[in-house]
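> quick one, structure for this:
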Amino acid sequence: MTPTLDSDSSPRLLPVSRRVQRRGKDLERFLNLWRLALLGSLAVTILVGGLGGAPAQPEDALALGILGLFLLGGLALQLYLAWAPWDPRVSLWVVAFDFAAVTAFLLGCVVVNRAIVATNSQPFFFYYFFIVIAAGLRGDPLVSRIVTWSVPAAYTFVVFMAVAWRHVEMAPHPDPVFGGFRWELQVARVIILAVVTVIVNYDVGLVVSDRAEARTDPLTGVYNRRFLEEFLNGPDAGGGGRLAA
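Now for the predicted structure:
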């Protein structure tokens, strides 16, 4: 069977608008599979640790609750991407959900008086980096700008609440699992988050600029031949959608 411009059997032959939609949906599915794998592994690790006889901590129940919401949301997203048409706003909602869930866990640890977990938890801190990397892969400038400002600000607020409210830096003894609070470590974390998010946002801006240059002629600024042909041959074009010689 010969692929046509109206078939998904050969994505490179699709019109640009449909090819972009196809890429967006496939990329979101790929990122969601990684999300499910990471969160599932973390949930299994916590459950196995509990079965091993380790004393239960308040943050364990909170983490399992957040991970359960994560996994249910990831499965629902996978089903949605399999059956529903692609909407570019999905990426923004997914980033907002990821960001809100991680920040809710860290602030929840502060609320239940386990501030050392909020400042020293490695898995949930590094999930912020997953959000940043995923924003860079999506290449959406709006999502990238939101992540650039929100992620460092959120973690800074978590550290501020842990210090100003719970005085985590004044604990007499280090936690047997999470250790003690160190100012230099927290400052380094905030700086690294800020630098990485700015770099990713700058890279996304370069990609958008390169994409715009690829669509247009460098001398005249008008759309190049491929885009002009797709526009003139589209269903909304006049004259029966045929490109006149």
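> residue 121 is in contact with residue 109, isn't it?
Yes: contact criterion Cβ atoms under 8 Å: residue 121 and residue 109 qualify, at 7.4 Å. Where you see a C-beta, it was placed from the backbone N, CA and C, and this is true even at glycine.
> how far does the lengthiest helix in the chain sit from the chain's center?
Counting residues, the longest helix found in the chain (DSSP state H) is helix 16-51. In this view, helix 16-51 has its centroid 10 Å away from the chain centroid, taken as Cα atoms, centre = their mean, to the nearest Å.
> next, show the common contact partners of residue 121 and residue 109.
Where contact means Cβ atoms under 8 Å, 6 or more residues apart in numbering, the residues bridging residue 121 and residue 109 through contact with each are residue 59.
> mind checking which of those two has more residues around it?
Regarding residue 121 and residue 109, a neighbour count based on other Cβ atoms under 10 Å identifies residue 109 as having more, with 28 against 20.
> if we can go back for a sec, distance between the next helix or strand along the chain from the longest helix of the chain and the chain's centre?
Once the chain leaves helix 16-51, the next helix or strand it forms, by DSSP states H and E, is helix 58-83. Relative to the chain's own centre, helix 58-83 is displaced by 14 Å; criterion: Cα atoms, centre = their mean.
> mind listing what's buried along helix 58-83?
59-60, 62-63, 66-67, 69-70, 73-74, 77-78, 81 (16 or more other Cβ atoms under 10 Å).
> which SSE is immediately downstream of that helix?
Later in the chain than helix 58-83, the nearest helix or strand by DSSP H and E is helix 89-111.
> what helices or strands is that next one leaning on?
The helices and strands touching helix 89-111, judged by 3 or more Cβ pairs under 8 Å, 6 or more residues apart in numbering; DSSP states H and E, are helix 16-51, helix 58-83, helix 115-120, helix 122-138, helix 141-164.
> so what angle separates the directions of the longest helix of the chain and helix 58-83?
Going by axes from the mean of the first three to the mean of the last three Cα atoms, to 10 degrees, helix 16-51 is angled at 150 degrees with respect to helix 58-83.
> can you name every helix or strand that helix 16-51 contacts?
helix 58-83, helix 89-111, helix 122-138, helix 225-232.
> the ones you listed: which one's closest to residue 151?
If you check each of these against residue 151 by Cβ to Cβ, helix 122-138 wins as the nearest, at 5.3 Å.
> picking that back up, so which of the helices and strands packed on helix 16-51 is nearest residue 208?
Counting by Cβ to Cβ, and looking across all of the helices and strands packed on helix 16-51, nearest comes helix 122-138 at 11.5 Å.
> which stretch in the helices and strands packed on helix 89-111 has the least confidence?
Mean pLDDT per stretch puts helix 16-51 lowest among those, at a mean of 84.
> ok, residue 95 touching residue 132?
No: counting by Cβ under 8 Å, residue 95 stays clear of residue 132, with 9.8 Å between them.
> who touches both of these two?
Taking Cβ under 8 Å, 6+ apart as the contact criterion, the residues that touch both residue 95 and residue 132 are residue 147.
> what's near enough to touch residue 140?
When contacts are counted by Cβ under 8 Å, 6+ apart, residue 140 is found next to 88, 91, 92, 204.
> buried subset of the residues you listed?
Using 16+ other Cβ under 10 Å as the threshold, 91, 92, 204 are the buried ones among the contacts of residue 140.
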